[in-house]
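Asks: sequence and computational prediction follow.
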Amino acid sequence: MTPPHSANGKKEVPDDNDVIEPDHYYGGGKIPVFKPTMDQFRDFQSFIGKVDHYGMRSGIIKVIPPKEWLDAQPPLDEAVKKIRVKNPIMQEFHGSHGTYTQANIERQRTYNLPQWKALCEESKPPADDVLEKTKPEGPPTPVSPESNPGDNIDSVDEEAFKNFDYRIHDQEEYTQERCEELETAYWKSLMFNNPLYGADMPGSLFDDSTTSWNVAKLPNLLDVIGQKVPGVNTAYLYLGMWKATFAWHLEDVDLYSINYIHFGAPKQWYSISQEDAPRFEQVMKSIWPSDAKSCDQFLRHKTYLVSPSILKSQYGITVNKLVHYEGEFVITYPYGYHSGFNLGYNCAESVNFATEKWLDYGRVAKKCNCEADSVWIDVDEIERKLRGEATPEYYDDFDSDMDVIEGASDLLTPPRSVPEKTSTRGRKRKHPGETTKAKRMRVNTEIPRKAPCVLCPNDLDYEDLLPTEDGKSHAHRRCALYTEETSILRDEAGKEVCTRSYHATCALLAGVQVEHGSIAVIADDGNQYSVPSVDLKCKYHRQKRPTWMTNDAADYDRKVNATAQRLVVGDLVQFQADKEINGAVVLQNRPEERTLLVKILPRG
């Protein structure tokens, strides 16, 4: 997977006067750590724009806020009383020798924060003097449901919070050396106990008085859609414990994400540099070939773990490492595979976000089609809104088979940072405000002005218009070329030919195969002549792409490359990245990079 170039094909270089440079690189590696001044830090969008080129090389970055910002954050003593860890997932790991899969089983329990912290105390990481002789640990034993005051989600057990301190006071013990020891212990003992993870809980601990870098209120391009989806453009809380893990993955729709630790132990992060992402994907496919064959986006299942040492020693891939502490931000970038685990009891807050630069990535992002709640975003709709164009009217209700957010459409669907395993396959965790009724949005295609072509309703700047014989109207050259008198066609065997029909200018977008050639006809004088002809086949009857022709194989196919090299700006093309056939217009042809920059044309 290779990130697209900018729209003009030029690398954007920040103004020298506004450059923000890393303070250092974590552990001398590739992950930049920024310590901005308050002036640099205050404007989130400006900061992200100035450091974007760093994150697009390392996959993730760390941002340590200015002391002025940290000092302004109010205590959380009252806010944490509202935290409920509802139905945390128990994580099971299967595998050996640095290669594992993880399964997540939802526990039907609710914990308040004192109970969760006590649970984490029972599953502490090993002490310094026992790291070399790690023993299997038993799973934590929670309080029975009958005596669990946290089950009453509408009340606060003030007695439980009496003399309770939500913080930890041994942060100084998490030195770089200690974290490296814990990392070793993690991979040695991963199979020996089942941590719980309070993941994907809608909510925020930021106070409304925090106006900059408030994860719950970040400037977010996704907000233009006018729809709130938990975890995508509204914040999630994550309650971690020792070994609670997030497997290798990209963000849904290759969005950016931001993660802030409010309090508690650090997180260990791993990332793959974008330049190594294609090799990493091939390695993961070679380790789990059956899973890769079943779903070409299987890494979006967030199920697969490979240790950094295995990736380096056996496959030559260097994993970038970072320890993320309380009061720090980590930002992940498009095409930056990442994974990690928690080093103990903690609470983090996270959300996805998008910038205008993301639009190019979102347009070509791939979706997992085997997960019922995979996120998808209509990039064309976002661009229409950014241009100030009216959203078409929609109508028709239907009963959805999926649980969706009330009032939601196909524009966005909520994500899950870790896959869950429950008794009902494909069901999502339900949050207040969800319903099983949604509106199917169907566009009302009223044409606001007279169509320029008498044969189709489309006004397309890339299609030539020709005058008709009477000189009173026009038709697209393509429409005139393709359109015949209407009749039911039959093949030589008398079988009806496919009767699907399209406007000529719609055919490209509908996946119709068009072949230009000549046919022999017998004229009235008895002679045979060869005349130009166009053969059209709908996407259901057109020639299918060979099964061996994967995206990787196509990159090296001589015929594909020869055809691509002949294309010029303005040519119309079709391409098939996955299952869908897309129509596009060529914007740039870069043969030296074996790259075409195209604009995907909307289907309606």
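Replies: Good, I have the coordinates.
Asks: which residues touch the nearest residue to Arg500 once chain neighbours are set aside?
Replies: Nearest-residue entry for Arg500: Cys538, 4.5 Å, with adjacent residues in sequence omitted and distances by Cβ to Cβ, 6 or more residues apart in numbering. C-beta coordinates here come from the backbone N, C-alpha and C atoms, glycine included. Counting by Cβ atoms under 8 Å, 6 or more residues apart in numbering, Cys538 makes contact with 498, 500, 502, 510-513.
Asks: neighbour-wise, give me the winner out of those.
Replies: Taking other Cβ atoms under 10 Å as the neighbour criterion, Val512 ranks highest of the contacts of Cys538 with 22 neighbours.
Asks: tell me the pLDDT at that residue?
Replies: You'll see Val512 listed with a pLDDT of 83.
Asks: surely it meets Tyr540?
Replies: No: with contacts counted by Cβ atoms under 8 Å, Val512 stays clear of Tyr540, the gap being 10.1 Å.
Asks: mind listing what the most centrally placed residue in the chain touches?
Replies: Geometric centre of the chain, nearest residue: Asp252, 1.7 Å, by Cα atoms, centre = their mean. Contacts of Asp252 were listed using Cβ under 8 Å, 6+ apart, and they are 232, 300, 352, 374-375, 415.
Asks: same check on Val156?
Replies: Per Cβ under 8 Å, 6+ apart, neighbours of Val156: 81-82, 112.
Asks: now the buried members of these.
Replies: 81, 112 (16 or more other Cβ atoms under 10 Å).
Asks: just the contacts of Val156: which are in strands?
Replies: When those are checked against strands (DSSP state E), the matches are Asn112.
Asks: Ala348 should be in a strand, yeah?
Replies: Yes: residue state for Ala348 (DSSP: H, G, I helix; E, B strand; the rest coil) corresponds to a strand.
Asks: what's across from it in the sheet?
Replies: Beta-bridge partners recorded for Ala348 (DSSP bridges): Tyr238, Ile261.
Asks: and it, how many neighbours?
Replies: 23.
Asks: next one: Asp378
Replies: Asp378 has 16 neighbouring residues, counting by other Cβ under 10 Å.
Asks: same thing with Gly517?
Replies: By other Cβ under 10 Å, the burial measure for Gly517, its neighbour count, is 9.
Asks: kindly report the same for Val560.
Replies: Here the neighbour count serves as a burial measure; for Val560 (other Cβ under 10 Å) it reads 14.
Asks: so for the one helix or strand it maps to, mean pLDDT?
Replies: Remark: Val560 resides in helix 558-566, with elements defined by DSSP states H and E. Average pLDDT, helix 558-566: 81.
Asks: got a list of what Val63 touches?
Replies: Taking Cβ under 8 Å, 6+ apart, we find Val63 in contact with 33-34, 36, 41, 47, 328-331.
Asks: tell me the one among the residues you listed nearest to Val534.
Replies: Comparing those against Val534 with Cβ to Cβ picks out Ile331 as the nearest, at 51.0 Å.
Asks: before we move on, the earlier item: give me the contacts around the helix holding Val560.
Replies: Taking Cβ under 8 Å, 6+ apart as the rule, helix 558-566 contacts 554, 589, 591, 594, 596.
Asks: so can I have TSV of the residues you listed showing pLDDT, neighbour count and secondary structure?
Replies: TSV is the format used below for the contacts of helix 558-566 (pLDDT from 0 to 100; neighbours: other Cβ atoms under 10 Å; DSSP: H, G, I helix; E, B strand; the rest coil):
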residue	pLDDT	neighbour count	secondary structure
Ala554	65	17	helix
Asn589	88	18	strand
Pro591	79	12	helix
Arg594	76	11	coil
Leu596	82	18	strand
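Asks: report the buried residues of the helix holding Val560.
Replies: Taking 16+ other Cβ under 10 Å as the neighbour-count basis, helix 558-566 is seen to contain the buried residues Ala564.
Asks: from the chain's centre, how far out does that helix sit?
Replies: Put simply, helix 558-566 sits 31 Å off its chain's centre (Cα atoms, centre = their mean, to the nearest Å).
Asks: same question, stretch 367-385
Replies: The chain centroid and the centroid of stretch 367-385 are separated by 9 Å under Cα atoms, centre = their mean.
Asks: with just CA atoms, put it into CSV.
Replies: Taking Å, rounded to 0.1, in the frame of the first residue of the first chain, the C-alpha atoms of stretch 367-385 are listed here in CSV:
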residue,chain,number,x,y,z
LYS,A,367,-12.7,-1.6,3.6
CYS,A,368,-13.1,-5.0,5.3
ASN,A,369,-16.3,-6.5,3.9
CYS,A,370,-16.5,-9.4,6.3
GLU,A,371,-17.1,-7.3,9.4
ALA,A,372,-20.6,-6.1,9.9
ASP,A,373,-19.6,-2.8,11.5
SER,A,374,-16.7,-1.8,9.3
VAL,A,375,-16.4,2.0,9.1
TRP,A,376,-16.9,3.7,5.7
ILE,A,377,-17.0,7.4,4.9
ASP,A,378,-18.4,9.0,1.8
VAL,A,379,-15.5,11.3,0.8
ASP,A,380,-17.5,12.7,-2.1
GLU,A,381,-20.2,13.9,0.3
ILE,A,382,-17.5,15.6,2.5
GLU,A,383,-16.1,17.4,-0.5
ARG,A,384,-19.5,18.5,-1.6
LYS,A,385,-20.1,20.0,1.8
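Asks: what's the mean pLDDT across stretch 59-67?
Replies: The average pLDDT within stretch 59-67 is 98.
Asks: can you give me the end-to-end distance of it?
Replies: Distances were taken as Cα to Cα, to the nearest Å; on that basis the terminal residues of stretch 59-67 are 26 Å apart.
Asks: list the buried ones in that stretch?
Replies: Counting neighbours by 16+ other Cβ under 10 Å, the buried set in stretch 59-67 is 59-66.
Asks: now do stretch 87-102
Replies: Within stretch 87-102, the residues scored as buried using 16+ other Cβ under 10 Å are 87-91, 93, 98-102.
Asks: report the two of those residues separated the most.
Replies: By the measure Cβ to Cβ, Asn87 and Gly98 form the most distant pair in these, at 30.5 Å.
Asks: just curious, which of the contacts of helix 558-566 is nearest to Leu222?
Replies: Leu222 has its nearest neighbour among those in Leu596, at 28.0 Å by Cβ to Cβ.
Asks: show the contacting residues for that closest one.
Replies: Applying Cβ under 8 Å, 6+ apart as the definition, the contact partners of Leu596 turn out to be 564, 567, 573, 586, 588-590.
Asks: mind checking how far it is from Arg590?
Replies: In this structure, Leu596 and Arg590 are separated by 7 Å, where distance is defined by Cβ to Cβ, to the nearest Å.
Asks: what's the end-to-end length of stretch 297-305?
Replies: Terminal residues of stretch 297-305 lie 15 Å apart, using Cα to Cα.
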